[in-house]
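S.K.: Following is a predicted model, sequence given first.
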Amino acid sequence: MHRKGRPKCIRIVKDKPGIDYFKPRGTPLNKLKSVILSIEEIEAMRLVDLEGLEQEKAAKEMKVSRRTLARDLKRGRKKTVEALVEGKAIEIRGGFFATEDGVFICRECSHEWVAPSGEGKPTRCPECDVKDIRRMIQNG
Ligand SMILES: [Zn+2]
């Protein structure tokens, strides 16, 4: 299904991870190097590696192309393994994503779009400028 107007590069994630930092025990902070995992890289690994989804399916969940999903996955895995093997801390932050409740639809023109996390609830439709918009709840 073609979804008009949705910026393709924003990844939909189910939830932000509950934690934002891992560190190896016994390494003083000033000696510690870290890798930064983005929210969407974690989500890609969660869907594919933890839940066992095919990449195709995981890409659909995140509303991105399979190529984008594969790239997030590859980066996420590489950084995770790097941290484990080289004893680095893992910071979880940033990325380009929205949670499912960041998807909005205009009741006037049916334009559908994602408001990136942290920008607050939009007040108008970016397409027709009408104020009659609502949050869209996505299924599965
Ligand atoms: Zn509209």
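M.R.: Structure received.
S.K.: Just the pLDDT for E100.
M.R.: pLDDT, the model's per-residue confidence, is 70 for E100.
S.K.: let me fix that: K8
M.R.: On the pLDDT scale, K8 gets 48.
S.K.: Which elements pack onto the helix or strand hosting I36?
M.R.: Counting by DSSP states H and E, the element that carries I36 is strand 34-37. If you count contacts as 3 or more C-beta pairs under 8 Å, 6 or more residues apart in numbering; DSSP states H and E, strand 34-37 packs onto helix 66-86, strand 89-92. C-beta here means a position set from N, CA and C on the backbone, and glycine is covered the same way.
S.K.: Give me the contact list for the last one.
M.R.: If you take C-beta atoms under 8 Å, 6 or more residues apart in numbering as the criterion, strand 89-92 is touched by 17, 19-24, 27, 32-39, 42, 79-80, 83.
S.K.: Just to check, F104 is in contact with P122?
M.R.: Yes. With contact defined as C-beta atoms under 8 Å, F104 reaches P122; the gap is 6.0 Å.
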